[in-house]
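Q: Model the structure of this input:
(one chain, ligands or ions: 1)
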Amino acid sequence: MSASEAVTDALRELHARFAGVDEGRQADYIPELTRSDPDDFGLALVSMDGHAYSAGAADTPFTLQSVSKPFVYALALAALGLDEVSRWVGAEPSGEAFNAISLEPGTGRPANAMVNAGAIVTTALVPDSREEPAFGRILSCLSRFAGRKLDVDEDVHGSEAATGDRNRALAYLIRSTGSLPVDPVQAVDTYFRQCAVRATAVDLAVMAATLAYGGVNPVTGERVVSPEVAAQVLAVMATCGMYDSSGDWLLRVGLPAKSGVSGGLLAAGPARFGLAAYSPLLDASGTSVRGRAALGALSERLGLHLMRNP
Ligand code: GLN
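A: Numbers count the residues shown, from 1 in each chain. All right, here's what the predicted structure looks like:
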């Protein structure tokens, strides 16, 4: 069997194996997210030659939510450099939930850019450019990672803006420690807009593949960020991308990854592939239940664990 037949086979088989799992629940603290179809389940893998493999609902759009965080972190790193970004946001696993009301003792910085507190700061660090306001830069950056023009789901944005007091509280807390360089209301609204950017599982796999390919989108050939920035983002995804289950995920699955509460999940195999799943039923940590199961099984089946010597 050729390598590409093995990938196609594995995606189809794992899709069939986990499609019937109906544990978990949709996120309802953003009411609009409960309108997604709980049966939707898509898997996608993009190789370094830009070939996309998929199974199931891999072209169904959903909002990025926290899957946006590593890519906006990449934009901030590209604009300001690691030293400046690290003055504002740390790079240590927090061991806490994504929405924890907590900052690093001593510095007052958020622990890392993958939890909400750190992501709000990262978003706030993206400066307006002469050509574009900050959100325009964020949207074009996310689009370059995906290799096509993405847009905002205004209903999801409105729904989170109407109910997002916890994130607003976090932003005010961060500002009180001197760790937020802009107005909290504005920072959180830009963050909500980036969370409401719409993409598919195939898009997520292309985005992950771009990080895996050293910052070059393997489908369009465009350099999106430098190899240094891509490596920095993957490092933080490996240690912090799955919040308080990051250690267990790295132990079992062995890949830098990021989950989001609409049910998107992506993982990257450096120099090898980008991988993604979409299924809206979530476990207690806000990760897609079927996505976690399928990516874990795929890693085992294809021997993808990064620490493994083939
Ligand atoms: N927009 C969501 C929030 O801030 C994203 C959280 C997530 O996907 N884990 O609560």
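Q: Going by C-alpha atoms from here, please, whenever you check contacts or count neighbours.
A: Fine.
Q: Relative to W249, how far out is the nearest residue to P184 once chain neighbours are set aside?
A: Leaving aside its chain neighbours, P184 sits nearest to A171 (5.2 Å; criterion: Cα to Cα, 6 or more residues apart in numbering). Counting by Cα to Cα, to the nearest Å, the gap from A171 to W249 is 28 Å.
Q: Between those two, tell me which one has more neighbours.
A: A171 (26 against 20; other Cα atoms under 10 Å).
Q: tell me the SS of that one?
A: helix (DSSP: H, G, I helix; E, B strand; the rest coil).
Q: Wait, it touches A117, no?
A: Yes: with contact defined as Cα atoms under 8 Å, A171 counts as touching A117 (7.1 Å).
Q: what sits against the spatially most central residue of the chain?
A: Residue closest to the average C-alpha location in the chain (Cα atoms, centre = their mean): V67, at 1.9 Å. Listed by Cα atoms under 8 Å, 6 or more residues apart in numbering, the contact set of V67 reads 195, 258-260, 264-266.
Q: again with S129
A: Counting by Cα under 8 Å, 6+ apart, the residues that S129 touches are R137.
Q: and it, helix, strand or coil?
A: coil.
Q: For it, grab phi and psi.
A: Backbone geometry at S129, expressed as degrees, to the nearest 10, gives phi -110, psi 180.
Q: do you know how far it is from P110?
A: From S129 to P110 the distance is 25 Å (Cα to Cα).
Q: Next: G286.
A: Counting by Cα to Cα - G286 and P110 are separated by 19 Å.
Q: So for these two, which sits in the more crowded spot?
A: P110 (30 against 23).
Q: Return the set of buried residues in stretch 2-15.
A: 7-12, 14-15 (16 or more other Cα atoms under 10 Å).
Q: Show me those that map onto helices.
A: In helices, defined here by DSSP state H, the members of these are 7-12, 14-15.
Q: returning to that earlier point: columns distance to the ligand and pLDDT on top of the buried residues of stretch 2-15, output as JSON lines?
A: As requested, the buried residues of stretch 2-15 are arranged in JSON lines below (distance: Cα to the nearest ligand atom, whole Å; pLDDT from 0 to 100):
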{"residue": "V7", "distance to the ligand": "28", "pLDDT": "94"}
{"residue": "T8", "distance to the ligand": "28", "pLDDT": "94"}
{"residue": "D9", "distance to the ligand": "30", "pLDDT": "94"}
{"residue": "A10", "distance to the ligand": "27", "pLDDT": "96"}
{"residue": "L11", "distance to the ligand": "24", "pLDDT": "97"}
{"residue": "R12", "distance to the ligand": "26", "pLDDT": "97"}
{"residue": "L14", "distance to the ligand": "24", "pLDDT": "97"}
{"residue": "H15", "distance to the ligand": "23", "pLDDT": "98"}
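Q: R175: how many residues sit nearby?
A: 18.
Q: now it, nearest residue through space, not along the chain?
A: Nearest non-adjacent residue to R175 (Cα to Cα, 6+ apart): P184, at 7.1 Å.
Q: what's around the one you found, how many residues?
A: For P184, using other Cα under 10 Å, the count is 22.
Q: next one: R144
A: 22.
Q: which strands and helices sit next to the host helix or strand of it?
A: Using DSSP states H and E, R144 sits in helix 134-146. Packing partners of helix 134-146 (3 or more Cα pairs under 8 Å, 6 or more residues apart in numbering; DSSP states H and E): helix 69-80, helix 184-195, helix 201-212.
Q: Can you pull out the low-pLDDT segments for the stretch 1-150 of the chain?
A: Low-confidence regions of the stretch 1-150 of the chain, defined here as pLDDT under 70, do not occur.
Q: Near the ligand, which residues of it? Just list them.
A: 65-66, 98, 116 (Cα under 6 Å from any ligand atom).
Q: please redo it, this time with the cut-off set to 5 Å
A: 65-66 (Cα under 5 Å from any ligand atom).
Q: Please, where are all the helices along the stretch 1-150 of the chain?
A: Ranges of helices in the stretch 1-150 of the chain, per DSSP state H, counting those that start in this stretch, are 3-18, 69-80, 82-88, 116-125, 134-146.
Q: separation between D39 and G254?
A: 27 Å.
Q: Just want to know which of those two has more residues nearby.
A: Here D39 and G254 are compared on neighbour count by other Cα under 10 Å; more neighbours surround G254, at 24 against 14.
Q: three-state assignment of the more buried one?
A: Per three-state DSSP, G254 ends up coil.
Q: And the closest residue to it other than its chain neighbours, what's its pLDDT?
A: Distances taken as Cα to Cα, 6+ apart place H305 nearest to G254, at 4.2 Å, with adjacent residues excluded. H305 is assigned 97 on the pLDDT scale.
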